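**Student:** Here's my sequence, what's the structure:
(one chain, ligands or ions: 1)
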Amino acid sequence: MFIQSEKTPFPSVYLGEIKGHTLVDIGSGPTIYQLLSAFEHFQEVIMTDYLEVNRQVLKMCLSNEPGVFDWSPYFEYVCKLEGKGESWKVKQTRLRERVSRVIPVDIHQSSPLGRELASGSIDCLVSSFCLEVCSPNLEAFHKALENVIGLLKPQGHLLWIGVLKESYYMVGEARLSVLSITEDIVKTALSKAKCIIREFSTYSMTPSMKVGVDDANGIFFVWAQKDAPK
Ligand SMILES: C[S@@+](CC[C@H](N)C(=O)[O-])C[C@H]1O[C@@H](n2cnc3c(N)ncnc32)[C@H](O)[C@@H]1O
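**Tutor:** Numbers count the residues shown, from 1 in each chain. Model (predicted):
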């Protein structure tokens, strides 16, 4: 899934309001599109996934091994949006250099990154289509968000993309269940996880995007900040 335009998502990332040392992508899957703008504002980027097979694909992609998916149109498009006249190849090389590790994650553990990264140590998290897809019920979804937010420093940033009112999606012949969530559910979960919403926007699926691989209604984009302890 790739939706990025002049209006969505996260214009603040382009303005450099969100920056720091470490950016961690939670549940990266085998994809890198979700980092193409945000990574520029951090010195170290860490990608994560639950599945070893996805971590292997990412490592192959980052070391430019033959036969990996061609992300060049995505790089080209993001370079165009950023409007700096930069070559997509330069950006691609920079991303490869900036990602220091691809490590396991389990959002259902109280320390989702185990011993690799301690709670309260991260400046910014990105996560796309992971929490709602990997949580069996609402209680697990709330808890997973709390676990993930626990990784952030006080006032650390969360850049979160998810799907609204989706109950399934297809991967080949396999029909995978998704926890169907609404905008209100996302906002309540953020409040329970002691986060302040800085931006919240939604994108409705157009009829042309409804091609039978899922029953999603829309996408949400959130920029939230972990509340500092009083
Ligand atoms: C729908 S994919 C999203 C991948 C990618 N972020 C994207 O935007 O396309 C969900 C990802 O969550 C991972 N996942 C599954 N169980 C998980 C868990 N318990 N904790 C963290 N990630 C998990 C899956 O392996 C998968 O790569």
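
**Student:** Confirm Ile161 sits in a helix?
**Tutor:** No - applying DSSP: H, G, I helix; E, B strand; the rest coil, one finds Ile161 to be strand, outside a helix.

**Student:** Can you report how many residues neighbour it?
**Tutor:** By the criterion of other CB atoms under 10 Å, Ile161 has 21 neighbours. C-beta coordinates here come from the backbone N, C-alpha and C atoms, glycine included.

**Student:** What does the nearest residue to it once chain neighbours are set aside show for phi and psi?
**Tutor:** Spatial nearest neighbour of Ile161, excluding adjacent residues (CB to CB, 6 or more residues apart in numbering): Ser128 at 4.1 Å. Here is the backbone geometry of Ser128 (degrees, to the nearest 10): phi -130, psi 120.

**Student:** Now do the contacts for Ser128.
**Tutor:** Met1, Asp25, Gly27, Gln34, Trp160, Ile161, Gly162 (CB atoms under 8 Å, 6 or more residues apart in numbering).

**Student:** For beta bridges, what are the partners of the fifth one?
**Tutor:** For Trp160, the residues forming beta bridges with it (DSSP bridges) are Ser127, Val222.

**Student:** need the contact list for it.
**Tutor:** Trp160 touches Leu125, Val126, Ser127, Ser128, Leu131, Phe220, Phe221, Val222, Ala224, counting by CB under 8 Å, 6+ apart.

**Student:** and this protein, which residues reach the ligand?
**Tutor:** Residues of the chain lying near the ligand by CB under 6 Å from any ligand atom: 1, 27-29, 31, 34, 49-51, 54, 105-108, 128-130, 133-134.
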